[in-house]
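Peer 1: Take a look and give me a structure for this.
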Amino acid sequence: MTKEKIFNNLTQFALPSLTVGAQIATSLKFPEWGLILNLSVQPFWLYSAWKAYKNAGQIGILITSIIMSIVISLGIINYWLL
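Peer 2: Predicted coordinates for the structure are as follows:
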């Protein structure tokens, strides 16, 4: 198995599990931990969005992923640093 194939498989597991985990943490009134989980999944979203853009020209998901990464980072600054 190639490294790219292994990373693709890891991505397909990480996207739903970490994203849903972040939503559960937020809904259980732990938004600061939900943000941490959500930020941890952003590299996988960015990777998937980049692949979707390169393979199918889907720029919307890439733009949304970049904006979400920025918003989540600002949320972490708000909860953890201020």
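
Peer 1: Please identify the helix or strand for the spatially most central residue of the chain.
Peer 2: The centre of the chain sits closest to Gln42, judged by CA atoms, centre = their mean, with a distance of 2.5 Å. Secondary-structure assignment from DSSP states H and E places Gln42 in helix 31-56.

Peer 1: tell me what that helix is packed against?
Peer 2: Packed against helix 31-56 by the contact rule (3 or more CB pairs under 8 Å, 6 or more residues apart in numbering; DSSP states H and E) you find helix 3-27, helix 59-76. The C-beta positions use only the backbone N, C-alpha and C, and glycine is treated the same way.

Peer 1: what sits up against the last one?
Peer 2: In this case it means helix 59-76. Helix 59-76 has contacts (CB atoms under 8 Å, 6 or more residues apart in numbering) with 31-32, 35-36, 38-39, 42, 45-46, 48-50, 52-53.

Peer 1: List only buried entries from these.
Peer 2: Pro31, Leu35, Ile36, Asn38, Leu39, Gln42, Trp45, Leu46, Ser48, Ala49, Ala52, Tyr53 (16 or more other CB atoms under 10 Å).

Peer 1: Tell me which two in those residues are the farthest apart.
Peer 2: Pro31 and Tyr53 (29.9 Å; CB to CB).

Peer 1: so what pLDDT did Trp80 get?
Peer 2: On pLDDT, Trp80 comes in at 88.

Peer 1: Skipping its backbone neighbours, what lies nearest it in space?
Peer 2: If the residues on either side of it in the chain are set aside, Trp80 comes closest to Glu32, at 6.4 Å by CB to CB, 6 or more residues apart in numbering.

Peer 1: now Gln42
Peer 2: Ser69 is the one closest to Gln42 (CB to CB, 6+ apart), at 4.6 Å.

Peer 1: got a list of what the residue nearest to Trp80 touches?
Peer 2: Listed by CB under 8 Å, 6+ apart, the contact set of Glu32 reads Ile76, Tyr79, Trp80.

Peer 1: how close does Ile72 sit to Pro31?
Peer 2: Using CB to CB, to the nearest Å, we find Ile72 at a distance of 11 Å from Pro31.
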